[in-house]
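Engineer: model the structure of this input:
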Amino acid sequence: MKGFLQRVFTKRRETPITYDEAKDMAASPDANVRGVLAQRHDTKPEILYYLANDADSQVRRHIAANHATPVQADVLLTDDKDDSVRGSLAEKIANLSAGLTPNETDKLRRMTYEALDKLARDQAVHVRQVISETLKDIANAPQPIIQQLARDTESVVCGPVLQYSPVLTETDLLEIIEGSSGRGSLSFISRRRNVGEKLADAIAASSDKDAISHLLGNKSAQIREETLDQLIDRAPDYPEWHKPLVERPELPPTAAGKLARFVAENLIGVLERRKDLKKEQLDAVREVVNRRISSGEFDKREDTPVETRKAKQKQAEQKTAAKSGGAEAAATNEEEESSYEKALALHSKGKLTDKEVAKALAANDVKFARAALAVLAGIPPEAVTKVLNTHSAKGVVSLAWKAGLPAELAVKIQVKLGHVPPGQTLNPRGEDYPLSEEDMKWQLEFFTGMATVGLR
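Structural biologist: Residues are numbered from 1 along each chain as shown. All right, here's what the predicted structure looks like:
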């Protein structure tokens, strides 16, 4: 037996084994031995089913992920007490679910569908999220499952399918908008590719200012001229709409003149540089700009140094912070600014290393650790905060990857900064990150809306 196990743990571990050898491995007191057997694709179904009841969750996780595992064992694992086991099962079954329907006549296909349906309603958000992310861009994913996920109360579950799933029709999306309960559904829908005019009208008619901002920034969204005009009329109260408005691919004839009346000075330049504006439209913009300059609303741009404008903007932001949050909020902002400036200074000297981040984590210096992540990843501090506040293992891992930190350190960041429960952290594969680069890029875009950030 000893010689056989040594053979199993060598690079030739895929060497065929006998049924008796497999039985001996399944009965081994060593969970690592049973785990190796649980990962093999030539292990007999009855042994895999037996291991689905193993006392060690890592063994059951291998069984859940093994494509050779019989459907009967998969069904058994849908009730597993360990969330990570059900998560691994969810990912596997979701990948196998293309073309499945609720009315399957084949027993095994029907059992697979029922297992997927059960996992899509799992009490653990992570399990439902895995299914949503796996099915989000599959054209023949089971339609009832997608409908279920799209109406989930958790944004990390409904978000991927609302933003990407080709299974959802315009009618489905309009119904979801109508019944939206403020969980960010509209924002995900507004970022879909080629949003049609009916959907755009429904989003524009809502009170969800963030969703409207995403809609305006979606270059592929088809927004009617009348709808865009109405949004421009509302825009003075929503500064976050101004930039996407002046950058819309097409503007109604009078839009540029209207926008010039209230957008910030830097956005006036964007309007003036648009190549699609006719002479009379540009003249209208310049007339408004000259009127605003004459009234003293802002200084002539050529006479105002960039540093002066930035200083004025910073003063205005500090006043706003003091009014809204009082002295305590202002002090917190100053402390965070100090940490960020410290991180920037170290980075400029080439001293902002993974050791500095690890040292900050060990000292529980959360503010500096967050600031270091922002600087190393090249991401605004508020975006880093947003990722960490989701408590999503995948989101935090993707942030650490973007910052160029070792995969091992990403585990500590998940727990210390992202407050991910230790049992739900994503562990590295050797020295490699546990997710693909494509998945990590998607995670960053999903959690932070970083469409314009240069992801490496």
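Engineer: contacts only, for R370.
Structural biologist: For R370, the contacting residues are S339, P381, V384, T385, L388, L417, by CB atoms under 8 Å, 6 or more residues apart in numbering. Any C-beta I mention is one placed from the backbone N, CA and C, and that applies to glycine too.
Engineer: keep only those of those that are in helices.
Structural biologist: Counted as lying in helices by DSSP state H, out of the contacts of R370, are S339, P381, V384, T385, L388.
Engineer: I'd like those as TSV, with pLDDT, distance to D122 and neighbour count appended.
Structural biologist: Putting these into TSV (pLDDT from 0 to 100; distance: CB to CB, whole Å; neighbours: other CB atoms under 10 Å) gives the following:
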residue	pLDDT	distance to D122	neighbour count
S339	85	39	22
P381	87	34	18
V384	89	29	25
T385	85	28	15
L388	86	24	24
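Engineer: closest one to P253 out of the residues you listed, please.
Structural biologist: Of all these, P381 has the smallest distance to P253: 40.4 Å, by CB to CB.
Engineer: the closest one and N53, how far apart?
Structural biologist: 48 Å (CB to CB, to the nearest Å).
Engineer: excluding its backbone neighbours, what's nearest L76?
Structural biologist: Once flanking residues are discounted, L76 sits nearest to A52: 5.2 Å by CB to CB, 6 or more residues apart in numbering.
Engineer: helices of the stretch 251-400 of the chain, start to end?
Structural biologist: 255-260, 265-272, 279-294, 306-348, 354-362, 366-377, 381-389, 393-402 (DSSP state H, counting those that start in this stretch).
Engineer: distance to A26 added to those, as JSON lines?
Structural biologist: Output for those, formatted as JSON lines (distance: least, CB to CB, whole Å):
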{"stretch": "helix 255-260", "distance to A26": "70"}
{"stretch": "helix 265-272", "distance to A26": "67"}
{"stretch": "helix 279-294", "distance to A26": "76"}
{"stretch": "helix 306-348", "distance to A26": "52"}
{"stretch": "helix 354-362", "distance to A26": "41"}
{"stretch": "helix 366-377", "distance to A26": "44"}
{"stretch": "helix 381-389", "distance to A26": "42"}
{"stretch": "helix 393-402", "distance to A26": "31"}
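Engineer: of all these, which one comes closest to S28?
Structural biologist: Nearest of the helices of the stretch 251-400 of the chain to S28, taken as CB to CB: helix 393-402 at 30.7 Å.
Engineer: now do that closest one against helix 354-362, angle only.
Structural biologist: 140 degrees (axes from the mean of the first three to the mean of the last three CA atoms, to 10 degrees).
Engineer: check which helices and strands helix 393-402 is in contact with.
Structural biologist: helix 366-377, helix 381-389, helix 407-416, helix 437-448 (3 or more CB pairs under 8 Å, 6 or more residues apart in numbering; DSSP states H and E).
Engineer: and the angle from that helix to helix 381-389?
Structural biologist: Using the same axes, to 10 degrees: helix 393-402 against helix 381-389 is 140 degrees.
Engineer: need the CA coordinates for stretch 185-204. CSV is fine.
Structural biologist: Written as CSV, here are the backbone C-alpha positions of stretch 185-204 (Å, rounded to 0.1, in the frame of the first residue of the first chain):
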residue,chain,number,x,y,z
SER,A,185,-31.2,46.6,-10.7
LEU,A,186,-31.6,49.7,-13.0
SER,A,187,-27.9,50.5,-12.9
PHE,A,188,-27.1,47.0,-14.1
ILE,A,189,-29.7,47.1,-16.9
SER,A,190,-28.5,50.6,-17.9
ARG,A,191,-25.0,49.2,-18.6
ARG,A,192,-26.2,46.4,-21.0
ARG,A,193,-25.0,46.5,-24.5
ASN,A,194,-27.4,48.1,-27.0
VAL,A,195,-30.1,49.2,-24.5
GLY,A,196,-33.2,49.9,-26.6
GLU,A,197,-35.3,53.1,-26.6
LYS,A,198,-38.1,51.6,-24.5
LEU,A,199,-35.7,50.5,-21.8
ALA,A,200,-33.9,53.8,-22.0
ASP,A,201,-37.2,55.7,-21.5
ALA,A,202,-38.1,53.5,-18.5
ILE,A,203,-34.7,54.1,-16.8
ALA,A,204,-34.8,57.9,-17.6
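Engineer: quick check: buried residues in that stretch?
Structural biologist: Across stretch 185-204, burial judged by 16 or more other CB atoms under 10 Å covers 185-192, 195, 199-204.
Engineer: distance between that stretch and the chain's centre?
Structural biologist: Distance, stretch centre to chain centre, for stretch 185-204: 19 Å (CA atoms, centre = their mean, to the nearest Å).
Engineer: quick one: mean pLDDT for that stretch?
Structural biologist: The average pLDDT within stretch 185-204 is 93.
Engineer: contacts for that stretch, please.
Structural biologist: 155, 158-159, 162-164, 170, 173-174, 176-178, 180, 206, 208, 210-212, 214-215, 218, 220-224, 227, 230-231, 449.
Engineer: distance between the ends of stretch 98-106?
Structural biologist: One end of stretch 98-106 sits 15 Å from the other (CA to CA, to the nearest Å).
Engineer: was I right about G423 contacting S84?
Structural biologist: Yes: shown here, G423 and S84 form a contact pair, counting by CB atoms under 8 Å, at 7.0 Å.
Engineer: the more surrounded of these two?
Structural biologist: S84 (20 against 9; other CB atoms under 10 Å).
Engineer: host element of the residue lying closest to the more buried one once chain neighbours are set aside?
Structural biologist: In space, S84 comes closest to R61 once its chain neighbours are excluded; the distance is 6.0 Å by CB to CB, 6+ apart. Taking DSSP states H and E as the definition, R61 sits inside helix 57-65.
Engineer: and that helix, C-alpha only, in PDB?
Structural biologist: The C-alpha trace of helix 57-65 is given here as PDB (Å, rounded to 0.1, in the frame of the first residue of the first chain):
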ATOM      1  CA  SER A  57     -15.000  19.200   3.600                       C
ATOM      2  CA  GLN A  58     -12.000  19.500   1.300                       C
ATOM      3  CA  VAL A  59     -12.700  15.900   0.100                       C
ATOM      4  CA  ARG A  60     -16.300  16.800  -0.500                       C
ATOM      5  CA  ARG A  61     -15.300  19.900  -2.300                       C
ATOM      6  CA  HIS A  62     -13.200  17.800  -4.700                       C
ATOM      7  CA  ILE A  63     -16.200  15.500  -5.300                       C
ATOM      8  CA  ALA A  64     -18.400  18.600  -5.900                       C
ATOM      9  CA  ALA A  65     -16.000  19.900  -8.600                       C
END
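Engineer: since that was my last question, I'll sign off now.
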